[in-house]
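Student: what's the 3D shape of this:
(one chain, ligands or ions: 1)
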Amino acid sequence: MQLFYISRRMASKAARTTAEYLKRQAEDPYCVAAREHNYRARSAFKLREIDDKHKLIRPGSTVVDVGAAPGSWSQVAVERSEGGLVVGVDLQAMLPLPGATLLSSMDIREKKTHEAMRGALKGRTIDVVLSDMAPSPTGDRATDHIRLISLCRMVLSLTQQEHSPIPLSKEGIFLCKIWDGTERSQFMSELKEVFSSVRLVKPEASRDSSAEMYILSKNPIVKE
Ligand SMILES: C[S@@+](CC[C@H](N)C(=O)[O-])C[C@H]1O[C@@H](n2cnc3c(N)ncnc32)[C@H](O)[C@@H]1O
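Tutor: Okay, the predicted model is just below:
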């Protein structure tokens, strides 16, 4: 058995940090609203805001939500796709969500995940691919930025392959979160080779995180 010693100073710092966190949560209007709407996280309001403005999800849409845990984006996708299909995937475990298929404890980089997604999608093409993924932060901003961009590139590639596990439909939309940094413009150029509309969006609900932004790509370019 391992024993950990926590000094009185460490314990009181931990208590202060927890108290500050709880106070911030109680004061944050998006946290309050998330509780009122029974959303699993405040980030639901980021997707709601982007969707209100850019009309991504329509009744009947097939939506893939990568980095879905705890599931608030999937909740919004279920509400707005009204009878469509929502498939979420995450490294973490997720509670079941009526109206969605949530693939828990799965890494988007792994083949077995792609097979599970293929199974859940039953041959459909995807109208909206969402990625709100966030790798565990290393503490180094530049490294975290590059790691997240490489996850976004990976999701993009999964939508593009001929027998892709998540093939985008002809009018498919790809929304991904990045943390801003040096690779942003290169990644946007790569997206512009595939989509005729690529733009940055920053919802009000993510204003507290200055580095976080979303890239919205629409109108896939048809290749002859
Ligand atoms: C900010 S959270 C997503 C919040 C979610 N959109 C919601 O509203 O409930 C980011 C998620 O990305 C997931 N993630 C990070 N790397 C991943 C990977 N390689 N495969 C799948 N999920 C990943 C994390 O486990 C984490 O749950």
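Student: okay, and for the chain, where does confidence drop off?
Tutor: 1-6, 11, 13-26, 162, 207-209, 224 (pLDDT under 70).
Student: near the ligand, which residues of it show up?
Tutor: 40-41, 43-44, 67-73, 89-92, 107-109, 132-135, 151 (C-beta under 6 Å from any ligand atom). No exception for glycine: its C-beta is placed from N, CA and C like everyone else's.
Student: try it again with 5 Å
Tutor: 41, 43, 67, 69-70, 72-73, 90-92, 107-108, 132-135 (C-beta under 5 Å from any ligand atom).
Student: Ignoring the adjacent residues along the chain, who's closest to whichever residue of the chain sits closest to the ligand?
Tutor: Closest contact between the chain and the ligand, by C-beta to the nearest ligand atom, is at residue 67 (3.0 Å). Among residues not flanking residue 67 along the chain, residue 133 sits closest, at 3.0 Å (C-beta to C-beta, 6 or more residues apart in numbering).
Student: what about that neighbour, how many residues close to it?
Tutor: 23 (other C-beta atoms under 10 Å).
Student: Checking it next. Helix, strand or coil?
Tutor: coil (DSSP: H, G, I helix; E, B strand; the rest coil).
Student: show me what contacts it?
Tutor: Residue 133 sits next to 66, 67, 108, 148, 151, 152, 155, 176, 177 when contact means C-beta atoms under 8 Å, 6 or more residues apart in numbering.
Student: which two from those residues end up farthest apart in space?
Tutor: For those, the farthest-apart pair by C-beta to C-beta is 108 and 177; their separation is 13.3 Å.
Student: what is in contact with the two at once?
Tutor: 67, 133.
Student: So what's the residue count around residue 147?
Tutor: Neighbour number of residue 147 under other C-beta under 10 Å is 17.
Student: Let me fix that, I meant to ask about residue 71.
Tutor: 26.
Student: center of the chain - which residue?
Tutor: With distances taken as C-alpha atoms, centre = their mean, residue 132 lies nearest the centre of the chain, 1.6 Å away.
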